[in-house]
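Q: What would the 3D arrangement of this be:
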Amino acid sequence: MKTKNQQSDNPEKRKSQQSRTYQPTENELAILQILWDKGLATVREIHDILETQKETGYTTTLKTMQIMTEKGLLSRNTSSRTHIYQPNISRDQAQKQFLGKMIDGLFSGSPGRLVMGALDHKKISREEIREIREYLQQFEESQQTDKNKDP
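A: Modelled structure (predicted):
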């Protein structure tokens, strides 16, 4: 049963929706990107931003967001005439899901192949290279620490 404040207020249904892992489509990801940046937004706000990226109809945006709500990717506050949406999945959760799927499916389970492929595909700045080196240094140190802990 829906209440005025939020769709899927049934705790069992929400738990079921959130425990499933959905792979957002390209259009759903575009909407999630906007919501991750804004936090909360109406369909009109999302649509206006999407329109600057590619031509899309308002009803398409609305329907996509309704489907995303049914999937549990978004929640919707219906307490006012204008419904307010927010993401139920964090950017970090989505990235981990996609990376895992990409590593397993496209890179034969090798994270190294993914990293090398990403570095070969796009030109990166000196600053990004420095950040990658720092991250790898920290990663190696944590791996070494983990090895020393194991008997």
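
Q: Using the record, which stretches count as separate domains in this structure?
A: 11-91, 110-149 (automatic domain parsing).

Q: Residue 101 is nearest to which of those?
A: domain 11-91 (6.8 Å; C-beta to C-beta). All C-beta atoms are positioned from the backbone trio N, CA, C, and that covers glycine.

Q: Could you pull up the residues touching residue 64?
A: Contacts for residue 64 (C-beta atoms under 8 Å, 6 or more residues apart in numbering) come out as 27, 28, 31.

Q: mind checking which helix or strand it is in?
A: Secondary structure from DSSP states H and E places residue 64 in helix 58-71.

Q: So for stretch 38-58, mean pLDDT?
A: The pLDDT scores in stretch 38-58 average 95.

Q: quick revisit: and the contacts of residue 64 as TSV, adding distance to residue 128?
A: Listed next are the contacts of residue 64 as TSV, based on distance: C-beta to C-beta, whole Å:
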residue	distance to residue 128
27	28
28	27
31	27
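
Q: most neighbours, which of those?
A: The most neighbours of any of the contacts of residue 64, using other C-beta atoms under 10 Å, belong to residue 31, which has 25 neighbours.

Q: how close does residue 56 sit to residue 105?
A: 28 Å (C-beta to C-beta, to the nearest Å).

Q: and the two? which has more neighbours close in?
A: With neighbours defined as other C-beta under 10 Å, residue 56 and residue 105 compare such that residue 56 has more, 14 against 9.

Q: Quick check: buried residues in stretch 24-35?
A: Neighbour counts over stretch 24-35 (16 or more other C-beta atoms under 10 Å) mark 24, 27, 28, 30, 31, 32, 33, 34, 35 as buried.

Q: Repeat that for stretch 109-126.
A: residue 114.
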